[in-house]
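Asks: Test case, fold it:
(2 chains)
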Amino acid sequence: MKYVATVVFLLSTFLNGSAQDTTIVLSTSMFNSQGRINLGEIEHWIFKQGNDPSWADPGISVNNWQHLNPEEITKKQADQNGRLEGWFRMKIKLDSSFSQVSLFILQRSYLATDIFINGKRLYSFGNTGYNGKPYHEFVDFGKFPEAIKLEMGKELLLAVHFVDYTNYKNQVKESSFTKNGFIAIANPVSLAEYHAYSMHWRGFIVIMTILGVLVVLFWFLFLLNRSEDHLVHVALSTTCLFGLVFSHIFKGMTFTTYNQTQLLMFFSLLCLTGMVNSLPLLVAKVFKNKIPLILKVYAIAFMILTGLSFYAVSERIWPINALFSLLICTYYLVVSRKTLQGAKWAIVIGLIITLLISLSLGVIDNFFIQTLGNTFYYFILLCGGYLSFPVSLLVYVALWMKEINKDILSKAEKLVQVTEEKKELLASQNRLLEEQVEERTAELSQSLENLKTTQTQLIQSEKMASLGELTAGIAHEIQNPLNFVNNFSEVNKELLEELKAERLKPNAEREEALENELINDVISNEEKINHHGKRADAIVKGMLQHSRSSSGVKEPTDINALCDEYLRLAYHGLRAKDKTFNATLNTDFDESIGAINIIPQDIGRVILNLINNAFYAVDEKQKAERLTPNAESYQPTVSVSTKKTNERIEIIVKDNGNGIPASIKEKIFQPFFTTKPTGQGTGLGLSLAYDIVKAHGGELKVETATAEREGTTFIIILPVSNQTS
Amino acid sequence: MKILVVDDEADVHPLFIQRFRKEIRSHELEFNFALSGEEALKYLENNHSEVVLILSDINMPGMSGIELLSRIRQEYDAPPPVVMMITAYGDDENYQQAMQKGANDFLTKPLDFNLLKEKLNQITQ
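Replies: Here you go, the predicted structure:
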């Protein structure tokens, strides 16, 4: 029938020579597979630029109209504002085949059009401004076609007034003057596409909702796990898909203007490219855990190229891009097929399913849209096509998390195990340490005990050492009185026996004078015996006192007597040991001191120590002097003097030895410091002396002059408060 | 026989006088006393020819008995007096030293006068 119509058209053109006279007979056979007769396809329009409402009138002259089909409109017809306005006219006639057919009018472009039949306005798409309202492009071409009624068998003058504007590229809008975009008369079959479209739309809403959730989920997952950078590719590719679906939906909205649509189309192209390019990156990251630089360059290059196409080229880039990406993905799948496991399979399966469904949808969209487009299966397929990949990503992420969890769990178990082991180790080490500490503590306290014992022993040995030094002196001091006690008592015995013999004589022979002399001698000797007996007693008591531990009891003591006693003891002690030793002893006692309260054996020990030191010093010097020519000029002298001042009592022990070198002067009161050869001194003497004097609230001072060779002076200073009242 | 007793103990004087009172009475013995080595030397300066026997203590302030012994041995050798040391220290070291320095005898305190008398008898005979 199309053929017939064309023949008729050609004949009429040829016969009449005027377009005005040609009437196009429309028949239902002219409906295409989509149920439309695209009026833009009928090349029998006359056109006049400009606008006059009367141009709808069938009766006007059309001599100055030109033959021009809608497809032939170019931007040349636009004024300087890009406005395209004009009228198309054509005579049509519907044959009888339309008797049982409901008719619709539709337009698939942004043209604002008024459609007139025989001068009467039938319908308007958008607003041309005919009713005084401002121009508005037709934006709701997604909505269902408008039903119309056309008389059959009668010649009808179809006049179309259109207004349009060139787009941002200063080009005629793509769809406006095309066979498909221009107005069409349609039968109900055409509605299937709209139904399918509606189905599409509903499908896309579902898809977008699910994708939206997934996008949020994936981004959250990534943001919470920054180190897992494969998640960013998962999130990115899902986001691109979401953007694609989003733009798809809004592109088809009844309120979307031409310009918005253009933007959305560009956006959808970007999303598509993003999807196509993020996919190889994701696959590379997941399967090889490494994105080669070249792949990044590839992805970025294609993104830039697509971005530039907003002004330049077109959608022709992305299929090439997609093909490359597909090849890259396939390459990765092939090379890593042996290491595929667990979560990775989800992506492989997702990709394959998406590929299969996309192919199926392509076939259906192109060949079976009328029959299948409105079915539930199509809906499922659509959802499957768009969602299988993101869902596979979800499965991948879930499996990955499971693997991570498993990994973490096993690691945690290991950690717990290790921790337990460490704990046990620590505990055992702690035990060991405690045992060691206890052991050491025991050792230390043992050492401390030993030290204390040693200290006590040392102090005792110091006492004994000084006692040893005394022994010889004591022996001498004791033997001497004993000598007298023994001998005088024996003399007394003899005297008494003599007296007895005298008494036995007859009175005349008795000599009164001799008897008296004998008696006086006995008495005198008895006094001597008594004196020397007490002397020995005092010496033994003094010795006992010295060796005994300090009683700690202060008692009134004659300091001068104490000094004298110990000076003698020390001197005789030293003389007993060393026959060559000799020294001049000087004493100068202040008799006003009287008795003072001290612990006599303690202070006695101090005095003895100082005197012994003095003797030692002068002896050392004398020994040295003997080796020199002027040996006789040195007279070793030790002086002991006491002195009472207002506040204190001083006991001064002075020698004319070599003095104490300044280098050791600071050390002499330190325990165990000694200048004597090993074994001869404990080094405790002065230290103990110092402590004893301190305990008495006094001071022990030393003055020494090595340079002047004036010897050393020790001064014991005791507070006068020690004096007994 | 003239005897010089050297001892820093003053009571030695009455003791010897009483112990040897019979010998003194019978003029067998004559005693002189010195309280120190120095005093003894001083006395000897004037009377060394008379003194036959010197009894000396060892431990004395100032010059010791050993020192005195050395001096006597150095200074008075014609005729050398008999020198007996009397000391409270009867130890071997003291004894050796005294004998080495030229002591004729060594007695310890408390002095056994019977022993001393025997020794004196040996000398006089």
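Asks: For A:Leu426, give me the pLDDT.
Replies: At A:Leu426, the predicted lDDT confidence score is 91.
Asks: ok, is the helix or strand encompassing it in contact with chain B or not?
Replies: In the assignment (DSSP states H and E), A:Leu426 maps to helix A:376-504. Yes - residues of helix A:376-504 contacting chain B under Cβ under 8 Å from any Cβ of the partner chain: A:472, A:475-476, A:478-480, A:482-488, A:490-491, A:495. (Glycine included, C-beta is placed from N, CA and C.)
Asks: Most neighbours among those residues, please name it.
Replies: A:Phe488 (28 neighbours; other Cβ atoms under 10 Å in any protein chain shown).
Asks: Isn't it up against A:Glu527?
Replies: No - counting by Cβ atoms under 8 Å, A:Phe488 stays clear of A:Glu527, with 9.2 Å between them.
Asks: chain center to the helix holding A:Leu426: distance?
Replies: Relative to the centre of its chain, helix A:376-504 is centred 38 Å away, using Cα atoms, centre = their mean, to the nearest Å.
Asks: Just list the residues touching the closest residue to A:Val391 other than its chain neighbours, thanks.
Replies: Closest residue in space to A:Val391, ignoring its immediate chain neighbours: A:Gly350 at 6.9 Å, by Cβ to Cβ, 6 or more residues apart in numbering or on different chains. Under the criterion of Cβ atoms under 8 Å, 6 or more residues apart in numbering or on different chains, the neighbours of A:Gly350 are A:388-393, A:395-396.
Asks: ok, these vs chain B, which is closest?
Replies: A:Tyr396 (110.1 Å; Cβ to the nearest Cβ).
Asks: one step back: check which helix or strand covers the residue nearest to A:Val391.
Replies: Per DSSP H and E: helix A:343-363 holds A:Gly350.
Asks: got the buried residues for that helix?
Replies: Neighbour counts over helix A:343-363 (16 or more other Cβ atoms under 10 Å in any protein chain shown) mark A:343-344, A:346-348, A:350-351, A:353-355, A:357-358, A:361 as buried.
Asks: can you tell me the average pLDDT over stretch A:350-370?
Replies: On average, stretch A:350-370 scores 83.
Asks: Then stretch A:511-522?
Replies: 87.
Asks: And for stretch A:688-706?
Replies: 84.
Asks: Only the buried residues of it, if you could.
Replies: Neighbour count says stretch A:688-706 has A:688-693, A:696, A:698, A:700, A:702, A:704, A:706 buried, by 16+ other Cβ under 10 Å.
Asks: of all the residues you listed, which comes closest to chain B?
Replies: A:Ala689 (25.1 Å).
Asks: I'd say the closest one and A:Lys701 touch.
Replies: No - between A:Ala689 and A:Lys701 there is no contact under Cβ under 8 Å: 11.7 Å.
Asks: Need the phi and psi values for A:Gln107.
Replies: phi -140, psi 130 (degrees, to the nearest 10).
Asks: Tell me which residues touch it, please.
Replies: Going by Cβ under 8 Å, 6+ apart, the list of residues near A:Gln107 reads A:113, A:125, A:138, A:141, A:181-184.
Asks: hmm, try it at 6 Å
Replies: A:Gln107 makes contact with A:125, A:183, according to Cβ atoms under 6 Å, 6 or more residues apart in numbering or on different chains.
Asks: One more: A:Leu106?
Replies: A:Leu106 touches A:145, A:184, A:186, counting by Cβ under 6 Å, 6+ apart.
Asks: quick one: buried residues of the helix or strand bottoming out on mean pLDDT in chain B?
Replies: Every helix and strand of chain B was ranked by mean pLDDT, DSSP states H and E. The lowest is helix B:92-100, at a mean of 86. Residues of helix B:92-100 classed as buried by neighbour count (16+ other Cβ under 10 Å): B:94-95, B:97-98.
Asks: Tell me which helix or strand the spatially most central residue of chain A sits in.
Replies: In chain A, the residue lying closest to the centroid (Cα atoms, centre = their mean) is A:Ser227, at 16.3 Å. Using DSSP H and E, A:Ser227 falls within no helix or strand.
Asks: So what does B:Asn59 have for phi and psi?
Replies: According to degrees, to the nearest 10, B:Asn59 has phi -80, psi 110.
Asks: Quick check: it touching A:Arg575?
Replies: Yes - counting by Cβ atoms under 6 Å, B:Asn59 touches A:Arg575, with 5.1 Å between them.
Asks: Next, show the common contact partners of those two.
Replies: Common neighbours of B:Asn59 and A:Arg575 (Cβ under 6 Å, 6+ apart) do not exist.
Asks: For chain B, which residue gets nearest to chain A?
Replies: B:Ala88 (3.2 Å).
Asks: Hmm, that residue is touching A:Ile478, no?
Replies: No - judged on Cβ under 6 Å, B:Ala88 makes no contact with A:Ile478 at a distance of 7.7 Å.
Asks: Return the distance of the closest residue to A:Phe125 other than its chain neighbours relative to chain B.
Replies: Nearest non-adjacent residue to A:Phe125, counting by Cβ to Cβ, 6+ apart: A:Phe138, 4.0 Å away. A:Phe138 sits at a distance of 147 Å from chain B (criterion: Cβ to the nearest Cβ, to the nearest Å).
Asks: just to revisit the earlier point, just put the buried residues of stretch A:688-706 in CSV and tack on secondary structure.
Replies: Converted to CSV, the buried residues of stretch A:688-706 look like this (DSSP: H, G, I helix; E, B strand; the rest coil):
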residue, secondary structure
A:Leu688, helix
A:Ala689, helix
A:Tyr690, helix
A:Asp691, helix
A:Ile692, helix
A:Val693, helix
A:His696, coil
A:Gly698, coil
A:Leu700, strand
A:Val702, strand
A:Thr704, strand
A:Thr706, coil
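Asks: Looking at those residues, point me to the pair that's furthest apart.
Replies: Using Cβ to Cβ, the two most remote members of the buried residues of stretch A:688-706 are A:His696 and A:Thr706, lying 29.2 Å apart.
Asks: who's the residue most central in space within chain B bridged to?
Replies: Centroid-nearest residue in chain B: B:Leu55, 0.8 Å away (criterion: Cα atoms, centre = their mean). On DSSP bridges, the residues paired with B:Leu55 through beta bridges are B:Val5, B:Met84.
Asks: Hmm, it is touching B:Met84, no?
Replies: Yes - applying Cβ under 6 Å as the test, B:Leu55 and B:Met84 come out as touching, 5.1 Å apart.
Asks: Nearest spatial neighbour of A:Cys329, chain-adjacent residues omitted?
Replies: A:Val283 (4.8 Å).
Asks: Over to that neighbour: give its phi and psi.
Replies: phi -60, psi -40.
Asks: And for A:Ser109?
Replies: According to degrees, to the nearest 10, A:Ser109 has phi -150, psi 180.
Asks: Contacts only, for it.
Replies: A:175-176, A:181.
Asks: Relative to chain B, how far out is it?
Replies: 147 Å.
Asks: And A:Thr28, by the same measure?
Replies: Counting by Cβ to the nearest Cβ, the gap from A:Thr28 to chain B is 163 Å.
Asks: Hmm, that residue is touching A:Ser99, no?
Replies: No - using Cβ under 6 Å, A:Thr28 makes no contact with A:Ser99, being 9.3 Å away.
Asks: tell me which strands and helices the helix or strand hosting A:Thr713 is in contact with?
Replies: Assigned by DSSP H and E, A:Thr713 belongs to strand A:711-719. For strand A:711-719, the packing partners by 3 or more Cβ pairs under 6 Å, 6 or more residues apart in numbering or on different chains; DSSP states H and E come out as strand A:648-655, strand A:699-705.
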